[in-house]
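Participant: pasted the sequence and its predicted model underneath.
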Amino acid sequence: MMKPRDYQEALGQAIRERRERIEMSREKLGRIVGKDADYITSVENGEGDLGLHQILMIAHALTVRLSVLFAIVEFRLFDD
């Protein structure tokens, strides 16, 4: 059974990869979602528990559908 931490880490990795793919800095993403770069670093490292509102804001800032972001997470966790 997957633990919440597994999902947090997979989500953080998906966020980092998308941010890097669109060549956005942590600072810029943080400004868009109203947080600082350290917050974005902690999210990308799978630390902290994100609420739905924060996930929605991050997905919007990264111009990715929430369903796609979650599909990436599910793929990472369950594709053996």
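Facilitator: Received it, and whenever you're ready, just let me know what you need.

Participant: only C-alpha atoms from now on, for both contacts and neighbour counts.
Facilitator: Noted.

Participant: give the buried residues for stretch 34-51.
Facilitator: Residues of stretch 34-51 classed as buried by neighbour count (16 or more other Cα atoms under 10 Å): A37, Y39, I40, T41, V43, E44, N45, G46.

Participant: from those residues, which is closest to P4?
Facilitator: For the buried residues of stretch 34-51, the minimum distance to P4 (Cα to Cα) is 9.9 Å, reached by G46.

Participant: so who does R65 touch?
Facilitator: A59 (Cα atoms under 8 Å, 6 or more residues apart in numbering).

Participant: where along this protein do the helices fall?
Facilitator: 4-21, 26-33, 37-44, 52-61, 66-78 (DSSP state H).

Participant: adding mean pLDDT, write those out as TSV.
Facilitator: Output for the helices of the chain, formatted as TSV (pLDDT from 0 to 100):
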stretch	mean pLDDT
helix 4-21	96
helix 26-33	97
helix 37-44	97
helix 52-61	96
helix 66-78	94
